[in-house]
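*Asks:* got a predicted structure here, sequence first:
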Amino acid sequence: MSIQKTLLVSETYTTESGFVFNEFELGYHSWGSLNENADNVVLIFHALTGDSNAEDWFHGFFTQESPIDLDQHYVLCINTPGSCYGSTGPQSRNPQTQKAYGPDFPVLSIRDIVRMEQHLLNHLQINSIQCAIGGSMGGMTALEFALIDPRIQRAFLMAMGKAHTAWSIGLSHLQRQAIYQDPHWKEGGYTAETAPSQGLSLARQIGMMTYRSPENYEAKFGRDIREITKYPYYQVESYLDYQGQKLNKRFDALVYERLTRSMDTHDISRDRGSFKEVAKQLTIPIHVVGILSDALYPISEQKDLAQLLPNGQFTALDSPYGHDAFLIEFDQLTHILSRFLATT
């Protein structure tokens, strides 16, 4: 069990886009104890709509079968800046105006996110991180962390690549367009704080179509009909509607819009040189896991990333669950992670 804690960073941070935070907060969860040398850390990063309670959504890495041992490791997960689960984001109060940032909140690049999160590691006086773990947006953050912070000793990356491709950006664009069509969305941001966002619901449903595989949808729903009124209402339609409504109850449309743009900034080569030149800097062991049925980040992206890395390893995960497999297939993932952490 863990409870969320919050660090107030009373230092100025200027984003890559030029926005200045005079202070910001970082929400985080931790498990286990930091040892005397402050070098027994496992750092976990969450995906787009996740939070810092990794035990909830990464539960398979918190079991007795997992190589992560809370008697030996100090596990840390930070809520991504720009999110709505404890760290400063669009819903947070701007100390200069005493009002929510709202649409004034900037798009944070993945590099901004890393540099802001480094403040917590420095506050905790962490000297070394045994492994950084993340999937999807969390994998992007972990990879960028490995480039920026020499405390990262190895990384375990799942279901992402060296940059956000045109395919992924295009899918994010469609989700944002759904949000922009919401009647409560005005130019510059979402203005109706208490109204459910039809746009966010639709964006989530578009996303859900990329998180699973066609085979999984067919096996789960087929052509089953939930009910018939004027037209058949298929089970898959009911499922997508439910997922949209479910996210609507716990997330924020403006946060979703900003964080999808954050993911679009992911590109390790940006202003650094070629992918090959940048990847050469990552000499630490890095294991990249791709999912054979992933339609959002096709497995070719993970193969490409692993091949670029001097000390890269690659495993193809065979699963019918598509992109979501990194949140489901813990029997396979704990086995892969165990072997990776056991290597010298």
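*Replies:* Now that the structure is in, tell me what you want to look at.
*Asks:* residue ranges with poor pLDDT in this protein?
*Replies:* Along the chain, segments meeting pLDDT under 70 span 187-196, 344.
*Asks:* could you find the residue nearest the spatial middle of it?
*Replies:* Nearest to the geometric centre of the chain sits residue 47, at 2.2 Å (CA atoms, centre = their mean).
*Asks:* just to check, that one is in contact with residue 135?
*Replies:* Yes - counting by CB atoms under 8 Å, residue 47 does reach residue 135; the two are 6.1 Å apart. All C-beta atoms are positioned from the backbone trio N, CA, C, and that covers glycine.
*Asks:* how close does residue 328 sit to residue 317?
*Replies:* Distance from residue 328 to residue 317, counting by CB to CB, to the nearest Å: 10 Å.
*Asks:* which of those two has more residues huddled nearby?
*Replies:* In terms of neighbours (other CB atoms under 10 Å), residue 317 is the more surrounded of residue 328 and residue 317; the figures are 21 against 16.
*Asks:* tell me the contacts of the closest residue to residue 14 other than its chain neighbours?
*Replies:* Leaving aside its sequence neighbours, residue 14 sits nearest to residue 20 (CB to CB, 6 or more residues apart in numbering; 5.1 Å). Going by CB atoms under 8 Å, 6 or more residues apart in numbering, residue 20 touches 12-14.
*Asks:* by neighbours, which of those wins?
*Replies:* Using other CB under 10 Å as the neighbour test, these are led by residue 13, with 18 neighbours.
*Asks:* next, that one: phi, psi?
*Replies:* Dihedral pair for residue 13: phi -130, psi 130, per degrees, to the nearest 10.
*Asks:* who does it form a beta bridge with?
*Replies:* Going by DSSP bridges, residue 13 is paired in beta bridges with residue 21.
*Asks:* my read: residue 24 touches residue 13, true?
*Replies:* Yes - between residue 24 and residue 13 there is a contact at 6.5 Å, judged by CB under 8 Å.
*Asks:* distance check, residue 106 against residue 174.
*Replies:* Noted for residue 106: a distance of 23 Å to residue 174, by CB to CB.
*Asks:* which of the two has more residues huddled nearby?
*Replies:* The residue with more neighbours, out of residue 106 and residue 174, is residue 106; 19 against 13, by other CB under 10 Å.
*Asks:* which SSE is the more buried one in?
*Replies:* Residue 106 belongs to no helix or strand when elements are defined using DSSP states H and E.
*Asks:* quick check: the spatially closest residue to it that is not a sequence neighbour vs residue 209, distance?
*Replies:* Using CB to CB, 6+ apart and skipping residues adjacent in sequence, the residue nearest residue 106 is residue 19, 3.8 Å away. For residue 19, the distance to residue 209 (CB to CB) stands at 33 Å.
*Asks:* what do you get for residue 45?
*Replies:* Noted for residue 45: a distance of 24 Å to residue 209, by CB to CB.
*Asks:* is the residue sitting furthest away from the middle of the chain in a helix, a strand, or coil?
*Replies:* Computed with CA atoms, centre = their mean, the maximum C-alpha offset from the centroid of the chain is found at residue 230, amounting to 40.0 Å. Under DSSP: H, G, I helix; E, B strand; the rest coil, residue 230 falls in the coil class.
*Asks:* now do the same contact list for it.
*Replies:* So residue 230 contacts nothing (CB under 8 Å, 6+ apart).
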